[in-house]
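# What follows is a predicted structure for the sequence shown.
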Amino acid sequence: MHVQSVSVQSVEERVRRGEDLSRIDLRHMNLAGANLAGAKLARAELDGANLEAANLTGADLRGASLREIFAPRAGFGRALLGKADLDGARLSRASLERAELQAANLSGANLEDANLEQASLRHAQLVFANLTGARLSSANLSRADLEHACLAAVHATRADLREANLRGAQLDSAELSAAQLEESVLEGVFARGANFEQASLRGALLHSADFRQAKLEGADLRNVRCTNIRLEGSRVLGARVHGLDFGAASPSDLPLDLCDVSRSADGSELRRLSELGAQPAASKPEVPRRYVGPGDVIRNAELVIGEGAELLVDGRMQQCAIAMQDDATLVIGETGLLEGCRVSGGRLQIRGRFIAPGRVGLRSVTELRVAHTGMVATQLEQRGKPTRFGFDSGCRLRLYIKTSKTRARENDHAD
Amino acid sequence: MIMPIETNKTPKQTVVEEGTEFKGTLKSSCAVVINGTVDGEMDAPEITVSRSGSVAGSLRATRLRSQGTLSGKVEATDVFLSGAVRSNTAIKAKRLEVKLGSDQAQIEVTFGECSLEIGDPISESVALAVPAKMEPAPVKAEPVVAAPDATAADGWALPATESAGGNASPATGSSNSGNINRSPWKPSRTIDASPHDTAKSTLR
């Protein structure tokens, strides 16, 4: 049934009479300011409709199509919107308090300053949605997909975000105190100045997340995995951090607050984040190390770096061949220079310079990490297992990466 | 389908949706998000290639963020990479950022055969210059005190603090430069192993 010619008044009248308007076609209709409270609009089609400041309190819109509706300041309080399609909907400053939005599609929707307090958004799709300044206190967003969504300055105290996907989301200055974020994915989120006090992030993934100036006091961070996380200026006093994993290297400028490292989170053992993972001195395994100090020069040498050993170069090495076991580490400090050297295998951290242009200087290295001060000019050959790369912004590279296929091709040419 | 998303206050962006294959030239003055496949030339101020997206051809942007697959020629000011970079790819950028995943995690970015030209050119004078940090290091005549356990047959070894089990950790990036970590024996040493008599050191 298509009621394009029907007036707003007649629709309001039918709603007032309690008529069932399921599957009604109201696409692109101007219903601005209409009173549709309690309307029975399950599976109705309202694509592109104008619902600005309309009253849909308690309406049944389950499975309805509301794609790209224009509904700023509309009232959807306690409305049933389960599985509704609100793709690209404009709902800024709309009231969706206690609305049921389970598995609804809100991808790309604009919910700026909307009120979603105590709303249920379980399994909802909110990819690229704009929720800036939205009120989400006690809302249920468990298992919701919020990838790349903007949640800057949201008020989401006690919100349930368990197992939610927030990869790449914007959470700057968000208020998430006492929120539940267990097992959620927060990889690459921007959460500068966000408040996570007393929030639970247990088992969450926070790789490459930006938590600078974030408040994490009393938060539960047990078993959080957070390689390359940024925590400068954050506050973590009393955070529960047993099993927190920074990966291969701890981040720089970790806060100095004391955290609870006890397994049962009972405050019986307090340590700083920088001390995490550090084993007692007695049981600390002896790591064989070599050091080339500033001013030292080594030429034409052949070095074999065994398993687990470390070579730190703050001086200069020229025309050297360094064979490393996969577990061995070579660190070129800021004043270090490897010139015309060949390194095979192992992990490399380059803060200084590795210069061997026009030739394969790095062969089969398992990991290559170049800091912002680092400079690399060479060819790198990957054989078998691909190299793990990490490049900090600011590094200078003239790097030609080869694969085993390149090598085979070169051999063919040579033949 | 390519659809510009326009919301009240969010910036405009052009989206190449998943399942869409675009061939040709795409020029835009607003941000472009690639969830599908693009084969050709692209020019936009900001390009985001999502995990499901792939771009082959020539790509120019001020800011490129890729989690998908790239191949061809890339020119940008800032590049943030994860995902995959296919063979025959050249990336030229002012800044490149690649996050290093944890040991347990999957590799953040895999590179096929490609060239990376990042930052200002590396001239010979810059590459081989003595770092400024080292220049003003007129080392005081230190007393020749050999640490009891810090001798090395080949003439170079750890500074006393390290060999005594100090907590300097290369893994955490402390590069131990400066006098505090200088060799206790000499201000500087030069070891030159001739090609016929190569100095061989094994550290296990």
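Here it is on my side, so go on.

# thought A:Arg162 was touching A:Leu181?
Yes: between A:Arg162 and A:Leu181 there is a contact at 6.9 Å, judged by C-beta atoms under 8 Å. Bear in mind the C-beta positions are built from the backbone N, C-alpha and C, glycine included.

# who's more crowded, the two?
The neighbour comparison of A:Arg162 against A:Leu181 (other C-beta atoms under 10 Å in any protein chain shown) goes to A:Leu181, with 29 against 21.

# OK, contacts around the more buried one?
The neighbours of A:Leu181, taking C-beta atoms under 8 Å, 6 or more residues apart in numbering or on different chains as the test, are A:Leu161, A:Arg162, A:Ala164, A:Phe196, A:Ala199, A:Ser200, A:Leu201, A:Ala204.

# Where in chain A is the helix or strand with the lowest mean pLDDT?
When the helices and strands of chain A are compared on mean pLDDT, DSSP states H and E, helix A:404-414 comes out lowest with a mean of 63.

# Could you list the single helix or strand in chain B with the lowest mean pLDDT?
Counting by mean pLDDT, DSSP H and E, chain B has its least confident helix or strand at helix B:160-163, which shows a mean of 35.

# Could you double-check that A:Gln325 lies in contact with A:Ser364?
No: look at A:Gln325 against A:Ser364 with C-beta under 8 Å: they stay out of range, at 11.3 Å.

# Mind listing the shared neighbours of those two?
Common neighbours of A:Gln325 and A:Ser364 (C-beta under 8 Å, 6+ apart) are A:Gly345.

# Which residue does the stretch 1-150 of chain A have closest to chain B?
A:Asn110 (3.9 Å; C-beta to the nearest C-beta).

# My guess is that residue contacts A:Arg90. True?
Yes: between A:Asn110 and A:Arg90 there is a contact at 4.9 Å, judged by C-beta under 8 Å.

# Compare the two (neighbour count), which wins?
The residue with more neighbours, out of A:Asn110 and A:Arg90, is A:Asn110; 28 against 23, by other C-beta under 10 Å.

# Enumerate every residue touching A:Pro251.
A:Asn228, A:Ile229, A:Arg230, A:Leu231.

# one more time with 10 Å
Contact analysis of A:Pro251 by C-beta atoms under 10 Å, 6 or more residues apart in numbering or on different chains lists A:Phe211, A:Cys226, A:Thr227, A:Asn228, A:Ile229, A:Arg230, A:Leu231, A:Glu232, A:Leu273, A:Ser274, B:Thr172, B:Gly173.

# Contacts only, for the fourth one.
In this case it means A:Asn228. By C-beta under 10 Å, 6+ apart, the contact list for A:Asn228 reads A:187-188, A:206-210, A:246-249, A:251, A:390, A:392, B:99-102, B:108.

# what helix or strand does it sit in?
A:Asn228 belongs to no helix or strand when assigned by DSSP states H and E.

# in the longest strand along chain A, what's buried?
Using DSSP state E, we find that the single longest strand of chain A is strand A:353-363. For strand A:353-363, the neighbour count (16 or more other C-beta atoms under 10 Å in any protein chain shown) marks A:Arg353, A:Phe354, A:Ile355, A:Ala356, A:Val360, A:Gly361, A:Leu362, A:Arg363 as buried.

# sorry, back to before: of the contacts of A:Leu181, closest to A:Arg316?
Lowest distance from A:Arg316 to the contacts of A:Leu181 (C-beta to C-beta) belongs to A:Ala204, with 44.3 Å.

# my read: the closest one touches A:Asn223, true?
Yes: contact criterion C-beta atoms under 10 Å: A:Ala204 and A:Asn223 qualify, at 8.5 Å.

# for the chain, which spans come out with low pLDDT?
As the question left the chain open, I've gone with chain A. In the predicted model, chain A carries pLDDT under 70 at residues A:1-5, A:277-287, A:404-415.

# actually chain B
B:1-10, B:101-107, B:131-190, B:192-204.

# all strands for it, in order.
Secondary structure of chain B (DSSP E): strands at B:2-5, B:13-16, B:21-27, B:31-34, B:37-49, B:54-66, B:69-81, B:83-85, B:89-98, B:109-111, B:114-118, B:190-192, B:200-203.

# so what does the fifth one touch, helix or strand wise?
This means strand B:37-49. If contacts are counted by 3 or more C-beta pairs under 10 Å, 6 or more residues apart in numbering or on different chains; DSSP states H and E, strand B:37-49 sits against strand B:13-16, strand B:21-27, strand B:31-34, strand B:54-66, strand B:69-81.

# partners of that strand, with directions?
According to DSSP bridges, strand B:37-49 forms sheet pairs with strand B:21-27 (parallel), strand B:31-34 (parallel), strand B:54-66 (parallel).

# Determine which stretch of the ones you listed is the most buried.
Most buried of the strands paired with strand B:37-49 by mean neighbour count (mean count of other C-beta atoms under 10 Å in any protein chain shown) is strand B:31-34; its value is a mean of 24.

# And A:Ser10, its phi and psi?
When read as degrees, to the nearest 10, the backbone of A:Ser10 gives phi -70, psi -40.

# That one: how many residues sit nearby?
Neighbour count for A:Ser10, taken as other C-beta under 10 Å: 11.

# for the spatially closest residue to B:Val15 that is not a sequence neighbour, what are its contacts?
Of all residues not flanking B:Val15 in the chain, B:Val33 sits nearest, at 4.7 Å (C-beta to C-beta, 6 or more residues apart in numbering or on different chains). Contact analysis of B:Val33 by C-beta under 10 Å, 6+ apart lists A:128, A:148, B:5, B:13-17, B:44, B:46-50, B:53, B:65.

# again, 8 Å this time
B:Gln13, B:Thr14, B:Val15, B:Val16, B:Ile47, B:Thr48, B:Ser50, B:Gly53.

# got the contact list for B:Thr37?
B:Val16, B:Thr20, B:Glu21, B:Phe22, B:Gly53, B:Ser54, B:Val55, B:Ala56.
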